[in-house]
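J.: What follows is a protein structure lacking sequence information:
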């Protein structure tokens, strides 16, 4: 029985591959605005975006939770 899922070669780690191979795997397309940066610079930019999104969405979730609890308390109090 053959597997439909692609298998990875467990013998090669990401550090064994060249940066150009990793860059092809981790970049979004071949847009020259993105591929002009090194892999480390891309990772830093993605990390900054992720941190800003998590903080912003966390604050929005907290405000939403407070709003829902206050609405429930207001309806009970009349």
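T.: Sure thing, it's come through. Only a predicted model underlies this, so the values are computations on that prediction, with no experimental measurement involved.
J.: Could you use CA atoms for every contact and neighbour count after this?
T.: Noted.
J.: Okay, now the unreliable bits of this protein?
T.: 1-29, 78 (pLDDT under 70).
J.: which residue ranges form the helices in it?
T.: 19-26, 32-35, 39-77 (DSSP state H).
J.: Reformat those helices as CSV; add mean neighbour count.
T.: Shown next, in CSV, are the helices of the chain (neighbours: other CA atoms under 10 Å):
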stretch, mean neighbour count
helix 19-26, 12
helix 32-35, 11
helix 39-77, 11
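J.: OK, contacts around residue 42?
T.: Contacts for residue 42 (CA atoms under 8 Å, 6 or more residues apart in numbering) come out as residue 34.
J.: Against residue 48, how distant is it?
T.: 10 Å (CA to CA, to the nearest Å).
J.: Same check on residue 65?
T.: In terms of CA to CA, residue 65 sits 26 Å off from residue 48.
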